[in-house]
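>>> below are the sequence and a predicted model; questions follow.
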2 protein chains.
Amino acid sequence: MISKKTKYAINALVYLARQHQQGPVLISQIAREQHIPQKFLEAILLDLKNAGILNSKKGRGGGYYLIKKPEEVNMAEVMRLFDGAIALLPCVTHRYYERCEECVDEASCGIRDVFQEVRNETVNILKRSTLSEIISREEQMKQR
Amino acid sequence: MISKKTKYAINALVYLARQHQQGPVLISQIAREQHIPQKFLEAILLDLKNAGILNSKKGRGGGYYLIKKPEEVNMAEVMRLFDGAIALLPCVTHRYYERCEECVDEASCGIRDVFQEVRNETVNILKRSTLSEIISREEQMKQR
DNA sequence: TAAAAGTCTATAGAATTAATAGAGTTATGT
DNA sequence: ACATAACTCTATTAATTCTATAGACTTTTA
């Protein structure tokens, strides 16, 4: 399961992507409308800003806004930022690789092979799932 | 990430499947050869027995052995047994369904739609990954 | 009938996740 | 200039889950 942090992050991003290029949005507004604890959300938005996805403006009339294009922000990136590796085994990730302590022979491990496949397929799906993709799917679903 | 419990379970199952129909295997032997803490393994094997995958024989010459055919035990089943749902979101599972508390409108949720896809693809892969499938892949990898 | 082997209950330590509190800093509009 | 709105940072805590261990008990069989 993904963490609440990731889920909150995605929801906030979709919310902000919907008002792309309409100026900064208050943290308090995002928190209220997306049902996210405000203090928790502050930390999340800050991480997204440090990752170069959002930017913020201080003072009166300030808030957070998207700086990447909605079609350039994908779910794999967001998940990695908050939950780390996407793979289900430490020995099948590129960036967070770690050997399984109990492993007898990694090179011929059939389990590893299976989860390698799961990881690849999952990353493929998550990479093509961008904010704009999500929003356009939502519009389609609403129309029916 | 999957839990160590699931990982240990899979390793123990593959180990037992390799000696299918050759009589009971000692817990202590599985623990030693697969590098699994023995007491922890005992609990795992018991769960697998209660799930109808293994059976045990007590007393001298006893131990655990596979009662399902190796081609009938798949990774989806094992993962669900120890880690619960395979899906990454509570709202996209069949057996463990739960609404996301913070969700504004589930019916038109684009995030849900994405993770639905991930879940379906993952379950497909895990279901076709049986013990015999894993073992035959391992044989292939060893030959090279 | 003793030893080998599985079964069961309880507990504890470690790690992670989720959430909150509060002080501090910065930018803005008037 | 300056009050205010808003973001930033550090600590702390509560809750949950995961991993592992201990020990007593029961069953089976040579």
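Received, thanks. Residues are numbered from 1 along each chain as shown, chains lettered A, B, ... in the order given.
>>> what residues does chain A have near DNA strand C?
A:3-5, A:37, A:39-40, A:43, A:57-62, A:83 (CB under 7 Å from any atom of the strand). Any C-beta I mention is one placed from the backbone N, CA and C, and that applies to glycine too.
>>> same for DNA strand D: which of those are within range?
Restricting the residues of chain A next to DNA strand C to those near DNA strand D by CB under 7 Å from any atom of the strand leaves A:39, A:43, A:57-62.
>>> so which of those residues is surrounded by the most neighbours?
With neighbours defined as other CB atoms under 10 Å in any protein chain shown, the most crowded of those is A:Gly62; it has 14 neighbours.
>>> how much space separates that residue from A:Glu101?
When distance is defined by CB to CB, to the nearest Å, A:Gly62 is 48 Å away from A:Glu101.
>>> which residues does A:Met141 contact?
Taking CB atoms under 8 Å, 6 or more residues apart in numbering or on different chains as the criterion, A:Met141 is in contact with B:107-108, B:110, B:113.
>>> which one of those sits in the busiest neighbourhood?
Comparing the contacts of A:Met141 by number of neighbours (other CB under 10 Å), B:Gly110 comes first, having 20 neighbours.
>>> residues in contact with that residue?
B:Gly110 is in contact with A:14, A:133-135, A:137-138, A:141, counting by CB under 8 Å, 6+ apart.
>>> tell me where chain A has helices.
Taking DSSP state H, the helices of chain A run over residues A:4-18, A:27-34, A:38-50, A:75-83, A:110-128, A:131-143.
>>> pull up the gap between the residue of chain A most remote from its centre and B:Leu46, please.
Taking CA atoms, centre = their mean, the residue of chain A most remote from its mean C-alpha position is A:Val104, at 34.2 Å. Remark: distance between A:Val104 and B:Leu46 (CB to CB) = 23 Å.
>>> again, but for A:Glu101
23 Å.
>>> the more surrounded of these two?
B:Leu46 (14 against 9).
>>> so what pLDDT did that one get?
B:Leu46 carries a pLDDT score of 92 in this model.
>>> how about the one 10 residues further on?
What the model reports as pLDDT for B:Ser56 is 92.
>>> nearest spatial neighbour of it, skipping sequence neighbours?
B:Tyr64 (4.9 Å; CB to CB, 6 or more residues apart in numbering or on different chains).
>>> ok, now which ones touch A:Ser129?
A:Ser129 touches A:74-76, B:114, counting by CB under 8 Å, 6+ apart.
>>> any idea how far it is from A:Val78?
10 Å.
>>> now A:Ala51
Taken as CB to CB, the span from A:Ala51 to A:Val78 is 9 Å.
>>> and the nearest residue to A:Leu81 once chain neighbours are set aside, how far from B:Ile111?
Take A:Leu81 and drop its neighbours on the chain: the residue closest to it by CB to CB, 6+ apart is A:Ala51, 5.5 Å away. Noted for A:Ala51: a distance of 18 Å to B:Ile111, by CB to CB.
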